[in-house]
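Engineer: take this sequence and fold it.
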Amino acid sequence: QVQLVESGGGLVQAGDSLRLSCAASGRTFRSYTMGWFRQAPGKERTFVAAIGWRGGITSYADSVKGRFTISRDNPKNTVYLQMDSLKPEDTAVYYCAATSGVVTTTPGRYDFWGQGTQVTVSS
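Structural biologist: Predicted coordinates for the structure are as follows:
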């Protein structure tokens, strides 16, 4: 069992940066692939980024490539999402998720989810 708690969301202006954090419980954190997803009002939850258990493999949605960076600190049981050059269309609730499988963009393949953190980008 893995419990995930996101933090770092907030209200920012277009062009600003935010760093989201996801703290995980459990000694097996380092064995999980971690992902970030987001859900805007009235829309489905969509993939943002993912990172393999050793951090060597990453994947990004086309909409965030070059602006967002996912990273992890296994000794601290934490995964991060650095978000730069934010746009109003990045406004959403951001969720952290964990899977025992390989890096994947499919929400259904993630076993554990956090409660989400709101990111709002004003124009």
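Engineer: please name every helix or strand in contact with the strand or helix carrying residue 121.
Structural biologist: Using DSSP states H and E, residue 121 falls within strand 117-122. Applying 3 or more CB pairs under 8 Å, 6 or more residues apart in numbering; DSSP states H and E, one finds that strand 117-122 contacts strand 10-13, strand 18-24, strand 92-99. C-betas here are computed from N, CA, C, even on glycine.
Engineer: pick the most buried one from these.
Structural biologist: Among the helices and strands packed on strand 117-122, judged by mean count of other CB atoms under 10 Å, the one packed with the most neighbours on average is strand 92-99 (a mean of 23).
Engineer: quick one: average confidence on it?
Structural biologist: Strand 92-99 shows a mean pLDDT of 97.
Engineer: list the neighbouring strands of it plus their orientation.
Structural biologist: Paired strands of strand 92-99, with direction, are strand 33-39 (antiparallel), strand 112-113 (antiparallel), strand 117-122 (antiparallel) (DSSP bridges).
Engineer: quick revisit: what average pLDDT does the strand holding residue 121 get?
Structural biologist: Mean predicted confidence for strand 117-122 is 98.
Engineer: ok, and what's touching it?
Structural biologist: Contact partners of strand 117-122, identified using CB atoms under 8 Å, 6 or more residues apart in numbering, comprise 6-14, 16, 18, 20, 38, 83, 86-94.
Engineer: likewise for stretch 14-24?
Structural biologist: 2-10, 12, 32, 34, 36, 77-88, 94, 96, 98, 114, 117, 119, 121-123.
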